[in-house]
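J.: Sequence plus predicted model, see below.
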Amino acid sequence: MEDTTTTTTTRVCIKNVPTSFDEKDLKKFLGKQKVTITDCKILRRSDGLSRKMAFVGFADETQAKYVVAHFHRTYCLTSRLIVEYAFAKNNNSEKNSNSSVRPWSKHSKGSSKYEKIHGSKEKEGEEK
């Protein structure tokens, strides 16, 4: 597990949540460890099926740290849970500190494919 000494978040991301779980079941499962859950959201598709991923908020950072340490790589029913800290997209987490967020579509400025297609045209326009 990665070093968590610089963590400043009270939210965790839980992957591989059993499809039969709803928010109430997840709160009950995590609440057995005497942590204060402030909010819980299981992501669902437009047809209502679970995407097997949830975001859970806790009262303070120490509780979030405890949940990551205690529940990471444990089993819930027959699903092996992956519990990680949840960071905002614009926040550089330890995982993403070396990689910058950039678009992946060939139609978006900033992607390498867009620059290959349009790069020479923009450079010629700037020189004139």
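T.: The structure has been received and is ready for your questions.
J.: Identify the bridge partners of residue 54.
T.: residue 14, residue 42 (DSSP bridges).
J.: ditto for the one 4 residues further on
T.: In this structure, residue 58 has beta-bridge partners residue 37, where bridges are defined by DSSP bridges.
J.: need the contact list for it.
T.: 10, 11, 12, 35, 36, 37, 38, 64, 67 (Cβ atoms under 8 Å, 6 or more residues apart in numbering). C-beta coordinates here come from the backbone N, C-alpha and C atoms, glycine included.
J.: Could you write me a PyMOL select line covering just the buried ones among those?
T.: Here is the PyMOL selection string for the buried members of these, based on 16 or more other Cβ atoms under 10 Å:
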select buried, resi 10+11+12+35+37+64+67
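J.: okay, the contacts of residue 58 in a markdown table with pLDDT and distance to residue 75 next?
T.: Formatted as a markdown table, the contacts of residue 58 follow (pLDDT from 0 to 100; distance: Cβ to Cβ, whole Å):
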| residue | pLDDT | distance to residue 75 |
| --- | --- | --- |
| 10 | 90 | 25 |
| 11 | 93 | 22 |
| 12 | 95 | 17 |
| 35 | 92 | 19 |
| 36 | 92 | 24 |
| 37 | 92 | 20 |
| 38 | 92 | 25 |
| 64 | 93 | 21 |
| 67 | 95 | 15 |
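J.: and which of the contacts of residue 58 is nearest to residue 104?
T.: Distance to residue 104 across the contacts of residue 58 (Cβ to Cβ) is lowest for residue 11, with 25.4 Å.
J.: Residue 56 contacts residue 23, correct?
T.: No. Contact status for residue 56 versus residue 23: not in contact, 9.2 Å apart, counting by Cβ atoms under 8 Å.
J.: which residues are in contact with both of these two?
T.: Contacts common to residue 56 and residue 23, judged by Cβ under 8 Å, 6+ apart, are 40, 41.
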